[in-house]
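1. I would like to see how this sequence folds:
(one chain, ligands or ions: 2)
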Amino acid sequence: MIWYPYEQMKTMREPFQIIDAKGVWLKTPEREMIDSVSSWWSVIHGYKHPALTEAIKAQADLFSHVMLGGLTHEPVRRLSDKLQSFLPGDLDYCFFSDSGSVAVEVALKMALQYYVNQGEWQRTKVLSLTHAYHGDTFKTMEVGDDEDYHFILEAYGEKMEFCQLQINYIDWDFQDAKKKAELLKEYGIPVWVMEPLRGGKLAALSSEDEAALKELRPEEKIPAWAFRFLQSLPEVKMILSGMSTMGQLEENIRTFEEEKPLNDVEMERLLDIADNMINGVPCTACRYCTSHCPQGIDIPAMLKLYNEHVFTGGGFIAPMTIEAIPEEHRPGACVGCQSCEAVCPQQIKISEVLADFVQKLK
Ligand code: SF4
Ligand code: SF4
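-> Ligands and ions are numbered 1, 2, ... in the order given. Coordinates of the predicted model:
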């Protein structure tokens with residue numbers, strides 16, 4: 001039996017049977033496919049690259065792998081010299097490991113060991129970025145930010161100094177920022193915020209939305225609303241925001257001279273504006289519809305992806321996510337029976353949205 005990675009064994013689709021490969025192409029008995037992840041980045045020069053194949057054959061005739069524990073050899077010295085020539089400054093040591101995850105694991109262990117050797121035993125914490133992924137060994141998972149790794153919070157939450165999240169009033173519901181912030185609050189982990197203005201999108205709104213906000217706080221500038229929103233979240237301890245002019249810097253300093261969190265009415269209005277900006281399918285993820293779908297389509301998940309795809313004007317997230325779903329459960333599997341629509345309290349024309357999604361993904 002083979003235990004396939006990243007799969008639920010009971011529901012996984014039949015894996016493709018690979019019988020040959022060349023360049024970017026993988027061949028099955030029925031078709032050829034582009035391997036767009038280079039076998040998880042391990043074949044980045046393509047399959048059957050003649051120079052690589054020749055070099056592997058020639059080396060295998062001498063010896064293949066020989067460990068570096070107490071031994072050394074000319075090929076590894078040559079590789080080390082070559083890598084060193086690419087590296088800046090005094091980065092001139094190479095430590096060879098057997099995979100990307102292990103490389104990061106080793107680097108983390110070295111960094112921690114360095115401070116132990118200096119007698120600084122207290123420096124045991126590692127900073128990491130939101131949405132980071134470094135691999136699947138234990139320490140790399142700890143510095144990663146994958147939903148499936150959140151059990152790490154359970155085990156190590158109390159040792160974390162802070163966690164960085166993308167929070168702004170658009171992403172509060174749209175990207176589940178609220179849920180993530182609440183989770184961190186539960187563990188008492190301070191939150192650092194990035195993209196408070198969502199890449200500048202919240203620095204200017206439509207004239208109607210700006211008027212609706214001015215009615216509540218005539219003196220407040222529009223970008224400041226995004227910061228006041230964050231000032232309303234006590235768990236937020238640091239806000240990172242890009243500024244490209246001196247004027248923006250001065251304006252932000254003025255904003256942060258005062259703490260002026262939003263009251264309930266202001267918060268509601270701001271989140272209403274965010275909803276309208278997304279202008280997506282109003283699915284509440286109640287999941288009443290899912291048990292009615294003969295195709296087993298995860299309808300709320302598909303509608304959420306659809307909203308993301310439309311709001312961001314395309315991009316790779318939706319196509320990549322859909323590709324990972326078995327074909328029989330993708331939006332294209334919808335047979336238009338409308339059983340789901342009969343029970344949807346939001347009266348969403350689900351079959352039409354899914355058909356539109358299929359078109360948009362083409
Ligand atoms: S219309 Fe499509 S999504 Fe809705 S129940 Fe039928 S097959 Fe499922
Ligand atoms: S029933 Fe409607 S609102 Fe509820 S999850 Fe399904 S599509 Fe969304």
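
2. Assign the nearest residue to Cys289 once chain neighbours are set aside to helix, strand or coil.
-> Nearest non-adjacent residue to Cys289, counting by CB to CB, 6 or more residues apart in numbering: Cys340, 3.7 Å away. Yep, even glycine has a C-beta here, placed from its N, CA and C like the rest. At Cys340 the chain is in helix, as set by DSSP: H, G, I helix; E, B strand; the rest coil.

3. Cys340 is in contact with Ile299, isn't it?
-> Yes: between Cys340 and Ile299 there is a contact under CB atoms under 8 Å: 5.7 Å.

4. which residues do those two both contact?
-> In the contact map built from CB atoms under 8 Å, 6 or more residues apart in numbering, the residues linked to both Cys340 and Ile299 are 289-290, 293, 350.

5. which element is Ala103 on?
-> Taking DSSP states H and E as the criterion, Ala103 maps to helix 100-117.

6. what packs against the following helix or strand past that helix?
-> Using DSSP H and E, the next helix or strand after helix 100-117 towards the C-terminus is helix 138-142. Packing contacts for helix 138-142, counted by 3 or more CB pairs under 8 Å, 6 or more residues apart in numbering; DSSP states H and E, involve helix 100-117, helix 151-156.

7. Least confident of these, on average?
-> Sorting these by mean pLDDT places helix 151-156 lowest, at a mean of 70.

8. of all the shared contacts of Cys340 and Ile299, which two lie farthest apart?
-> The two members of the shared contacts of Cys340 and Ile299 with the most space between them (CB to CB) are Thr290 and Ile350, at 10.7 Å.

9. per-domain residue ranges of this protein.
-> Annotated domains of the chain cover 1-64, 74-117, 162-278, 290-361 [automatic domain parsing].

10. And Cys340 and Ile299? Which one has more around it.
-> For the pair Cys340 and Ile299, the greater number of neighbours falls to Ile299 (26 against 22), based on other CB atoms under 10 Å.

11. Confidence-wise, which helix or strand of the protein is lowest on average?
-> Of all the helices and strands that make up the chain, the one with the lowest confidence by mean pLDDT, DSSP states H and E is helix 151-156; it has a mean of 70.

12. Just say helix, strand or coil for the closest residue to Lys178 other than its chain neighbours.
-> With CB to CB, 6+ apart as the criterion, Lys178 has its nearest non-adjacent residue at 5.0 Å, and that residue is Trp172. State at Trp172, reduced to three classes by three-state DSSP: helix.

13. any idea how far Lys27 is from Ala318?
-> Summarising the geometry, the distance separating Ala318 from Lys27, computed by CB to CB, to the nearest Å, is 28 Å.

14. of these two, who's got more company?
-> More neighbours sit around Ala318 than around the other of Ala318 and Lys27, counting by other CB under 10 Å; the figures are 22 against 16.

15. The residue nearest to Cys289 and His292: what is the separation?
-> Distance, Cys340 to His292, using CB to CB: 5 Å.

16. Thr290 and Ile350: who's more crowded?
-> Comparing Thr290 with Ile350 by other CB under 10 Å, the one with more neighbours is Ile350, at 26 against 16.

17. The closest residue to the more buried one other than its chain neighbours and ligand 1, how far apart?
-> Counting by CB to CB, 6+ apart, Ile350 lies nearest to Cys340, which is 4.8 Å off, once chain neighbours are set aside. Cys340 sits 3 Å away from ligand 1 when distances are taken as CB to the nearest ligand atom, to the nearest Å.

18. same thing with Ser241?
-> 41 Å.

19. Please verify my assumption that that residue contacts Leu197.
-> Yes: look at Ser241 against Leu197 with CB under 8 Å: they come within range, at 6.3 Å.

20. Which one's more surrounded, the two?
-> Leu197 (22 against 18).

21. any idea how far the more buried one is from Lys260?
-> In this structure, Leu197 lies at 17 Å from Lys260, with CB to CB as the measure.

22. Give me every residue in this protein lying close to ligand 2.
-> When proximity is defined by CB under 6 Å from any ligand atom, the chain lies next to ligand 2 at 283-289, 299-300, 303, 343-344, 346, 348, 350.

23. Any of those buried? List them.
-> Judged by neighbour count, with 16 or more other CB atoms under 10 Å as the criterion, the buried members of the residues of the chain next to ligand 2 are 283, 289, 299-300, 303, 344, 348, 350.

24. circling back to that earlier point, right, and the residue nearest to Lys178 touches Leu271 too?
-> Yes: contact status for Trp172 versus Leu271: in contact at 6.6 Å, counting by CB under 8 Å.

25. Now Leu233: closest residue in space, sequence neighbours ignored.
-> The shortest distance from Leu233 to any residue other than its chain neighbours is 6.4 Å, reached at Ala181 (CB to CB, 6+ apart).

26. Can you name the helix or strand that Leu26 falls in?
-> When elements are assigned from DSSP H and E, Leu26 belongs to strand 25-27.

27. Report all helices and strands that that strand contacts.
-> Contact analysis of strand 25-27 by 3+ CB pairs under 8 Å, 6+ apart lists strand 20-22, strand 32-34 as its packing neighbours.

28. and the very next helix or strand once past the last one, what other elements does it pack with?
-> To tie it back to what came earlier, the one meant is strand 32-34. Beyond strand 32-34 in the direction of the C-terminus, DSSP H and E gives the next helix or strand as helix 38-41. In terms of contacts (3+ CB pairs under 8 Å, 6+ apart), helix 38-41 is packed against no helix or strand at all.

29. Name the residues that touch helix 38-41?
-> Judged by CB under 8 Å, 6+ apart, the contacts made with helix 38-41 from elsewhere in the structure are 44, 46, 100.
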